[in-house]
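Novice: What would the 3D arrangement of this be:
(chains A, B, C and D)
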Number of protein chains: 4
Amino acid sequence: MAGNSFGKLFNLTTYGESHGPALGGVIDGCPPGVKLDLDEIQNELNRRKPGQSAIVTQRKEPDTVKFYSGIFEGVTTGTSIGFVIENTNQKSHDYSHIKDSYRPSHADYTYDKKYGIRDYRGGGRSSARETACRVVAGAIAKQMLKGIEITAYVSGVGTMRLEKLYSELNLAKAEENIVRCPDEAMASKMEDYIKEVRSKGDTVGGIVSCVIKNVPVGLGEPVFDKLHAELGKAMLSINAVKGFEYGSGFHGSTMYGSDHNDAFNTDGSTKTNYSGGVQGGISNGMDIYFNVAFKPVATLIQEYETIDKEGKVVKMHGKGRHDPCVVPRAVPIVEAMAALVIADFHLINKIYS
Amino acid sequence: MAGNSFGKLFNLTTYGESHGPALGGVIDGCPPGVKLDLDEIQNELNRRKPGQSAIVTQRKEPDTVKFYSGIFEGVTTGTSIGFVIENTNQKSHDYSHIKDSYRPSHADYTYDKKYGIRDYRGGGRSSARETACRVVAGAIAKQMLKGIEITAYVSGVGTMRLEKLYSELNLAKAEENIVRCPDEAMASKMEDYIKEVRSKGDTVGGIVSCVIKNVPVGLGEPVFDKLHAELGKAMLSINAVKGFEYGSGFHGSTMYGSDHNDAFNTDGSTKTNYSGGVQGGISNGMDIYFNVAFKPVATLIQEYETIDKEGKVVKMHGKGRHDPCVVPRAVPIVEAMAALVIADFHLINKIYS
Amino acid sequence: MAGNSFGKLFNLTTYGESHGPALGGVIDGCPPGVKLDLDEIQNELNRRKPGQSAIVTQRKEPDTVKFYSGIFEGVTTGTSIGFVIENTNQKSHDYSHIKDSYRPSHADYTYDKKYGIRDYRGGGRSSARETACRVVAGAIAKQMLKGIEITAYVSGVGTMRLEKLYSELNLAKAEENIVRCPDEAMASKMEDYIKEVRSKGDTVGGIVSCVIKNVPVGLGEPVFDKLHAELGKAMLSINAVKGFEYGSGFHGSTMYGSDHNDAFNTDGSTKTNYSGGVQGGISNGMDIYFNVAFKPVATLIQEYETIDKEGKVVKMHGKGRHDPCVVPRAVPIVEAMAALVIADFHLINKIYS
Amino acid sequence: MAGNSFGKLFNLTTYGESHGPALGGVIDGCPPGVKLDLDEIQNELNRRKPGQSAIVTQRKEPDTVKFYSGIFEGVTTGTSIGFVIENTNQKSHDYSHIKDSYRPSHADYTYDKKYGIRDYRGGGRSSARETACRVVAGAIAKQMLKGIEITAYVSGVGTMRLEKLYSELNLAKAEENIVRCPDEAMASKMEDYIKEVRSKGDTVGGIVSCVIKNVPVGLGEPVFDKLHAELGKAMLSINAVKGFEYGSGFHGSTMYGSDHNDAFNTDGSTKTNYSGGVQGGISNGMDIYFNVAFKPVATLIQEYETIDKEGKVVKMHGKGRHDPCVVPRAVPIVEAMAALVIADFHLINKIYS
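Specialist: Modelled structure (predicted):
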């Protein structure tokens, strides 16, 4: 109820603060007999980890995952999978400057008001470090969902937008550059832009797009638990996300029905795919695609005024190791959350087959 | 698990097909002692009901709600609240033309593939008639949340957009016209436009915006069950919704952190509100505001080609009583779902107080 | 959370007070394609209904169930099943004598203290009338579980005990007498005894035993959600139940391991069945059997002293139409709850198959 | 859904096999601001741990718990609490003798049939080692529930029964002997008896009783989630439990209503307490008391015949380090599970206050 769990049948529960000894989680509901490639799980973590490139936070964390249960001789046993990721680089430096102050657009103020107490060393549970656990679970979900391809990529940084639809892009190229944008020219421009923003101590927002291919027909429940509603919740639960749209999205709200309707081919596929692979909350076998909007990171390496617990104005200066733009590192997180949603519905759907 | 329930502590479970004898639901978790104005609940239903104006479907349904339990002498007792809305106007006409065919961008195809069976008389559970039950529960939630104001309105129809922010509008005016747009001039244009679209047998999409005022600080859970993530899921679970954004939304992804950060006033409020009233997944006491994108209704009063169960191409002609644009009737539904989300977190929060 | 729901995948939510207009419920998660014999559902209700024999309460209620959704042309569609049972015989007589007083061993006192308000006309939700809804859902579960036989019967009334094990009895005979004890001679004695107790305005407790045959191996989850733990919760949730034991039960606590262990036959069945069909929380394919202890009904047709809301001693006299011994009518309720538990695990298990 | 979680608002999720590297869990929903005595938590673990006395298994495990999150400067922060207990003494000896064979009355057979795979080194998740995690969570729940006293003790070993009611005993004495029976003379007899049973390589069952004092009025939900139903499920989820009864229990089924009803005192307390502190599923402020029946441990240090995976008869000889009677070590587990149930309802109840 305190909301550290995600998923009904393929369920992840996480714990861990950014500056505590470790993060970790439990995956409950992974069926037995799934052969796991543990290196592949670590690879996914590496895609998310800090310090991986010149345009992300330089905090150094190996983010090595250790599994404690639920896997025997490389295969899931159907019992709960416990795992731990140690924090190795939580600097024990002085936090007194943030202990009693509220950084703007962070969770400092809301945490204090809600809980009356907070682990002030770096954001606690509101730190995006928590998403490392999601990536572990998502990597397992991906391996369970063999054949279904989930690919996210950066399609926007600041006002720069990749206008091409996913179908016009070679998505595999996204992993070839540090921005994770599949268009090389655009990736290069985005990289320069992020570096420029960082040099000013500023940050900038962006867009991650995601495509899911080979989803069988029938995933999703028709009323509250629509497939795209769960995807939306999953994405909006990622730090810094401000919006979600799938298929025709916000643009679809401007269209006529006569243009928007997806006419059928005789095999049940559709000629167009404004529906984004979901009709009535249930997958129709076409590609699922969606966009996720990320706001600019709130931590600036600049001086600014804010208030302390007593409401007095104080001067602060952002320090620490932060991302000038989160979207490159958000790509594997978006994929992981998508994998968790699909995994959950995949299991629910077995009841109907 | 089959997804006919919403909410953890303030929980709604619904049932009913558009062409069956009745719709209904159970609200479990409403605390005892809430004085209910039953007329006000019926008023909310009337705002959603078909046939209310010239620009909505002309199906005539009184949508009268009957309560069977959980209310005693006008006050909730803390036990589950059962209610029923009878369908009085389900025409027993001939459905053979849609029985074996799949209407484009409807749920016909996905239902058949998922369940192997469907109530083909009018959409079954995928009909937006189901949302009447949400409006009932939302109306009760609103009354429980006395003091919190939840107001939705139409801010877009097709390409027409109300560019003013909610704070520049007199939202009370939205209920004074049949479009439910608080700007009279725009409302008038939108009305004409919807009529024109309908006269062609076509449909068009739109945007519903919503503002929630007087939310106490502290609603929402910091990790998966962020306040805006649950709002997003709630909105995306409404029929025809394609996108959700809150606060700065998609536009926020283009901004710099130095512009986007909401500086504090000394009382804990913020000078700007790009955060949309939520920081780190938890309400900060500022207004919560968000946009919901609706696609054009799929049912056209036009002839079109589609396929039947055998994959043969068939000609169909849309008939029946449908909305040319859903957003005017979606307004109370958006409010109801917002109320359910806020009610749920309101109850969860009592644990911390 | 307010606890009016049971089951995770095969889920029942109920509502309704004993003296309100109706009871009802929603079954969510019943798979599509289950052919339902509606008469059989009504038969189960008739087994539970008041007024069915000389040894039960004489309140006259037809207990006719009406289905509003989820069933189309006699077959479940996979959508939620809404149903209603009207109260036709809630006498509108004077309740002022119990309105402000607390009957001993009823829920009057605890309700008032918990909720601060109660529907004082006959017990509200604490009335066993609520179990009619369970019987409806259980009857549907039974039909879904074709091949699995769930049979309950009365094995004890007061100090009278049927010492024979279920395997020595012809359980079909239980339905041939109004006590629902499969041993004719014992049934006759029990009937006389119940009549004698009633003639004194008193009540007496009893035992219901239940056997479940043909359960496939593998139902139940190994840690918290053990099959017998869910059965236990299900039984203990029935009004007036004070104890639950399965397999060797309380007697098993006196045994040696060398006597209690169930040696295997070569086909995986066991020579003895002290395990009661469950090992490590998971069904092993042997018969599941258990006992449920019911206390004597608290309503006596006698004068007694109790207290009112102010703590003053008041004299009351039980009236109304009550059961001298609940076990004959509890038999179908025990079966229904067992069916709900088995149905839930049956669906969960599809994930592993 | 795979059942490794317990509790709705105060939620525990566990993982870990008896022979893997570690056990652990996550507690989600513990409110912020609970001051924790970590030594006291370790003390509870020590009461459960193997090797603590001459009448329990001699496996040596320090069972040291490490907390990774959710506690800051000795106080809970309201975020999820992750913890780990390392297995230090999982012998890497030869398991080939049990790998392909099914020990009678163990979970070997049911696991293999359900999952098609199992960690055959010592029982996996079906090992009672899993309950160490419950004790950790229960110890935290106890500290949150300051003022409520939860005390369990051994009241039966084999056919030996402590006939005195809890109110006639000095329960504090239970911890003064290794059997955990509060009657010294009986404890001594039980100890001798357990030693004698062990000397024969046999095992024996027993009874744990539990009393909960100072429970406020109002805990428990009136329909499915009755307080005693959740207690029953909690107890039945402990390894080797075969039965649960509360208040008058099975004996209550033999009584007359005129004897069983608990007459009120003018302060709302009752003169007798056959109800066991719960009326209509809700606590009434009187002591809650119940009995839990444990079967004899299935592992015997004797030779016996059983079958292997192919159904061939094989000879096995129990070895390893097992308990001749589980009840002494079950005492803290019963308390822990009771604490989890009370904690959950305690939080739910805040919604009504």
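
Novice: ok, and what's touching the lowest-mean-pLDDT helix or strand in chain A?
Specialist: Least confident helix or strand of chain A, by mean pLDDT, DSSP states H and E, is helix A:96-99 with a mean of 74. Helix A:96-99 is contacted from outside by A:108, A:120, A:316, using CB atoms under 8 Å, 6 or more residues apart in numbering or on different chains. Every C-beta, even on glycine, is put in place using the N, C-alpha and C of the backbone.

Novice: Scan the residues you listed and report the most crowded one.
Specialist: residue A:108 (25 neighbours; other CB atoms under 10 Å in any protein chain shown).

Novice: how about low-confidence regions in the stretch 201-350 of chain A?
Specialist: Residue ranges of the stretch 201-350 of chain A with pLDDT under 70: A:320.

Novice: actually the stretch 1-150 of chain A, sorry about that
Specialist: For the stretch 1-150 of chain A (pLDDT under 70), the answer is A:1, A:90-94, A:96.

Novice: separation between residue A:293 and chain B?
Specialist: As judged by CB to the nearest CB, to the nearest Å, residue A:293 and chain B stand 4 Å apart.

Novice: which one among the contacts of helix A:96-99 gets closest to residue D:45?
Specialist: residue A:120 (30.2 Å; CB to CB).

Novice: Surely that closest one and residue A:95 touch.
Specialist: Yes: Residue A:120 is within contact range of residue A:95, at 5.6 Å (criterion: CB atoms under 8 Å).

Novice: What is the neighbour count of whichever residue of the stretch 151-300 of chain A sits closest to chain C?
Specialist: Using CB to the nearest CB, the single residue of the stretch 151-300 of chain A nearest to chain C is residue A:222, 7.3 Å away. Using other CB under 10 Å, the number of residues around residue A:222 comes to 30.

Novice: OK, contacts around it?
Specialist: By CB under 8 Å, 6+ apart, the contact list for residue A:222 reads A:280-282, B:3, B:107, B:111, B:125-126, C:79.

Novice: Then residue A:95?
Specialist: Counting by CB under 8 Å, 6+ apart, residue A:95 has contacts A:120-122.

Novice: Repeat that for residue A:133.
Specialist: Counted by CB under 8 Å, 6+ apart, residue A:133 has contacts A:12, A:14, A:16, A:23-25, A:83, A:85.

Novice: Can you narrow those residues down to the ones near chain B?
Specialist: For chain B, the contacts drawn from the contacts of residue A:133 by CB under 8 Å from any CB of the partner chain are residue A:14.

Novice: Show the pLDDT at residue A:185.
Specialist: Per-residue confidence (pLDDT) for residue A:185: 97.

Novice: before we move on, what SS does it have?
Specialist: helix (DSSP: H, G, I helix; E, B strand; the rest coil).

Novice: can you give me the helices in chain A?
Specialist: In chain A, the segments counted as helices under DSSP state H are A:38-48, A:96-99, A:108-115, A:131-144, A:184-199, A:227-236, A:249-252, A:257-260, A:327-350.

Novice: and among these, the most buried is which?
Specialist: helix A:227-236 (a mean of 29; mean count of other CB atoms under 10 Å in any protein chain shown).

Novice: Mind giving me the packing neighbours of that helix?
Specialist: Packed against helix A:227-236 by the contact rule (3 or more CB pairs under 8 Å, 6 or more residues apart in numbering or on different chains; DSSP states H and E) you find strand A:241-246, strand A:288-294, helix A:327-350, helix B:227-236.

Novice: Distance to residue B:192 for those - can I get that in CSV?
Specialist: Converted to CSV, these look like this (distance: least, CB to CB, whole Å):
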stretch, distance to residue B:192
strand A:241-246, 28
strand A:288-294, 32
helix A:327-350, 41
helix B:227-236, 27
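
Novice: Quick one: closest of those to residue C:229.
Specialist: Minimum separation from residue C:229 across those (CB to CB) falls at helix A:327-350, 22.2 Å.

Novice: and that closest one with chain C, contact?
Specialist: Yes: Helix A:327-350 reaches chain C (CB under 8 Å from any CB) through A:347, A:350.

Novice: relative to helix A:227-236, how tilted is that helix?
Specialist: 140 degrees (axes from the mean of the first three to the mean of the last three CA atoms, to 10 degrees).

Novice: elements contacting helix A:327-350?
Specialist: So helix A:327-350, by 3+ CB pairs under 8 Å, 6+ apart, packs with helix A:38-48, helix A:131-144, strand A:149-157, strand A:206-213, helix A:227-236, strand A:288-294.

Novice: Counting neighbours, what do you get for residue A:319?
Specialist: Residue A:319 - counted by other CB under 10 Å - has 11 other residues nearby.

Novice: before we move on, back to that, out of the contacts of residue A:95, which are close to chain B?
Specialist: Of the contacts of residue A:95, not one also sits near chain B (CB under 8 Å from any CB).

Novice: want to throw those into CSV with distance to residue D:49?
Specialist: Formatted as CSV, the contacts of residue A:95 follow (distance: CB to CB, whole Å):
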residue, distance to residue D:49
A:120, 36
A:121, 33
A:122, 35
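
Novice: quick check, nearest of the residues you listed to chain C?
Specialist: Checking the contacts of residue A:95 one by one against chain C (CB to the nearest CB), the nearest turns out to be residue A:120, at 31.9 Å.
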